[in-house]
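Q: Here is my input; please provide its structure:
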Amino acid sequence: MARALARRLGFCYLDTGAMYRAVALAGLKRGVDWDRPEQLARLAEQVRIEVLGDRIVLDGEDVTETVRTAQVTAVTRFAADNPAVRRRLVAMQREYAAGRDIVTEGRDQGTVAFPDAQSKVFLTAGDRQRALRRLRDLEAQGEPATLDRVLADIRKRDAEDRTRPVGALMAAPEAVEVSTDGMSVDEVVDRLEAIVRRTAADRSGVDMSRQAIVQRPLASRVWYAISKPVVRWVATFAYGTRFTGQENVPLSGRLLVVANHQSHLDPPLVGCGFPRRLNYMARKDLFGFGPFRWLIQSFDAIPVDRHASPIAGVRETMRRLSRGEAVLMFPEGTRTPDGEIGTFMPGFAMIAVRSGAAVQPVAIEGAFDVWPRRNRFPWRGTIHIHFGPLIPVEEVQSLGVQNLFAETEKRIRRCHALLRSRPVFARRRRHPSLAASLAPRP
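A: Model (predicted):
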């Protein structure tokens, strides 16, 4: 449920239980004496535990499945009950969370690890309901078990968890208690998402379902609210612009939007169809033309100097992402000369990994035919913009820069090919010379 909620919000997910299991696994491998807690405490200081999305890496080895085995489960309590181990792992959890929006779960997350968390939820369920769920998990893993045995183990663990000297199971005073009896996973996640968004709105005065929680001047908010539907109306009636896949866009959290680049129309068209407020990266020389300078700044554009150093633009992009905003980038760096997708540059992948942002692939088709590079003005046509499947934060982190770069490019090209196969574009491209021979029209 926590993992699904993180995907829903576009946040990172932190499985703290897997971290304690990783320490226990290290103890098994090193043959520590479980009756001597100081040995396990020293080991916890020595091992390297990495959280890469939903994967757990111990000293460079992926142990995501191994830490869930019955053998590790049987000794995990020695790590969970060790005060020195808990101090070490809580410090690691806080380090992981620094500068990120995260969803985390564990007995002491709302009381010890993150006492200042914005939203806290205490999930409950009847012991029999939990036993049935655990039994299904064990059966899926191929481990033999009976309901009576699992139920007895859960009741024993409940008693132990509530009386632990450190990290005891308790609800934070401000936590919202949610009983999951009789609810499906999706129903629970819906409830949790509503709690998070309501809490965010209460604290900030801004509705998370509409835009990131960022306070801007009133004039800027009014201008954006008025201009966005106007641009969309023009896009729809002048260019027959269609938007699909908007359900793939998370309504909050850090988001790097990556699209192919066909024409000058791309930024405003993607922005007017985007379900939340969107920032743009744009060439610095576009900021020097009188009224146009004010216009481009009013739409949150970030100047990037491609001829000198883009560092200032990258820093500003990272800063806006850290505030939970969405930023649009065109990794081709310039408009296509022929309507085809050009060579991508990997800078966007580095920004996404370092900022802890999810990646939203976007495919644009038809904008080049409407306004090719050699034309001074746009012409009539049909444009289709598709928001592809999201690459969530945990997948971004697990992929790394190179694999994320390749995966994002692959998704954009796949979506772009799909758009071209649609009838409206297939009809136009029956005449291959059309796109290649477009000349300025009167």
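
Q: mean confidence score for the helix ranked longest in the chain?
A: Ordering each helix of the chain by length in residues (DSSP state H) puts helix 393-420 first. The average pLDDT for helix 393-420 rounds to 91.

Q: Check stretch 353-370 too.
A: Stretch 353-370 comes out at a mean pLDDT of 91.

Q: can you list the domains in the chain?
A: Domain assignment of the chain by automatic domain parsing yields the ranges 2-204, 218-436.

Q: Would you reformat those as TSV and include mean neighbour count?
A: Heads up, the C-betas are built off the backbone N, CA and C, glycines and all. What follows is these, written out as TSV (neighbours: other CB atoms under 10 Å):
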stretch	mean neighbour count
domain 2-204	17
domain 218-436	18
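
Q: Lowest average confidence across the ones you listed, which one?
A: For these, mean pLDDT drops lowest on domain 218-436, to a mean of 82.

Q: gap between it and the chain center?
A: Offset of domain 218-436 from its chain centre (CA atoms, centre = their mean, to the nearest Å): 18 Å.

Q: can you check stretch 82-100 too?
A: Its chain's average C-alpha position is 22 Å from that of stretch 82-100, according to CA atoms, centre = their mean.

Q: what's that stretch in contact with?
A: 11-12, 14, 16, 19-20, 23, 37-38, 40-41, 44-45, 49, 51, 79-80, 102, 104, 108-109, 112-114, 165-167, 322, 356, 393 (CB atoms under 8 Å, 6 or more residues apart in numbering).

Q: got it, and stretch 134-144?
A: When contacts are defined by CB under 8 Å, 6+ apart, stretch 134-144 is touched by residues Arg68, Ala70, Ala145, Thr146, Leu147, Val150, Ile154.

Q: Just the ones of those in helices?
A: Ala70, Leu147, Val150, Ile154.

Q: right, and the helix or strand after the strand ranked longest in the chain?
A: Ranked by residue count, the top strand of the chain under DSSP state E comes out as strand 358-365. For strand 358-365, the following helix or strand on the C-terminal side (DSSP states H and E) is helix 367-370.

Q: which strands and helices sit next to that next one?
A: helix 433-436 (3 or more CB pairs under 8 Å, 6 or more residues apart in numbering; DSSP states H and E).

Q: how close does Thr76 get to Asp54?
A: Thr76 sits 18 Å away from Asp54, going by CB to CB, to the nearest Å.

Q: three-state assignment of Ala91?
A: Here Ala91 is recorded as helix under DSSP: H, G, I helix; E, B strand; the rest coil.

Q: residues contacting Pro392?
A: Pro392 sits in contact with Ala6, Arg7, Gly10, Gly53, Ala358, where contact means CB under 8 Å, 6+ apart.

Q: And the helices in the stretch 51-200 of the chain, which stretches?
A: 70-80, 83-97, 127-140, 147-162, 185-204 (DSSP state H, counting those that start in this stretch).

Q: Tell me the secondary structure of Gly333, please.
A: Applying three-state DSSP: Gly333 is coil.

Q: ditto for the one 5 residues further on
A: Three-state assignment for Asp338 (three-state DSSP): coil.

Q: Then the one 4 residues further on?
A: Following three-state DSSP, Gly342 is assigned to coil.

Q: Could you find the closest non-adjacent residue to it?
A: Glu332 (4.5 Å; CB to CB, 6 or more residues apart in numbering).

Q: what's that neighbour sitting at in phi/psi?
A: Per-residue torsions, Glu332: phi -70, psi -20 (degrees, to the nearest 10).

Q: Likewise for Val327?
A: Dihedral angles (degrees, to the nearest 10) for Val327: phi -130, psi 130.

Q: ok, now how distant is it from Arg87?
A: According to CB to CB, Val327 stands 37 Å off from Arg87.

Q: Also Glu65?
A: In this structure, Glu65 and Arg87 are 28 Å apart, going by CB to CB.

Q: I'd like to know how far Asp15 sits from Val222.
A: Per CB to CB, Asp15 is found 43 Å from Val222.

Q: er, Glu105 I mean
A: Taking CB to CB, one finds Glu105 at 40 Å from Val222.

Q: Make sure Tyr13 is indeed in a strand.
A: Yes - secondary structure of Tyr13 (three-state DSSP): part of a strand.

Q: list the contacts for it?
A: Tyr13 neighbours (CB under 8 Å, 6+ apart): Ala2, Arg3, Ala6, Arg7, Gly53, Asp54, Ile102, Val103, Thr104, Val393, Glu394.

Q: unless I'm mixing things up, the first one is touching Ile102, no?
A: Looking back up the chat, that one is Ala2. No - in this structure Ala2 lies outside contact range of Ile102 using CB atoms under 8 Å: 9.8 Å.

Q: if we can go back for a sec, can you tell me which of the contacts of Tyr13 is closest to Asp190?
A: Nearest to Asp190 out of these is Arg7 (CB to CB; 13.1 Å).

Q: and the helix or strand that closest one falls within with strand 358-365, angle?
A: Element membership for Arg7 (DSSP H and E) is helix 2-9. Angle of helix 2-9 versus strand 358-365, following axes from the mean of the first three to the mean of the last three CA atoms, to 10 degrees, is 40 degrees.
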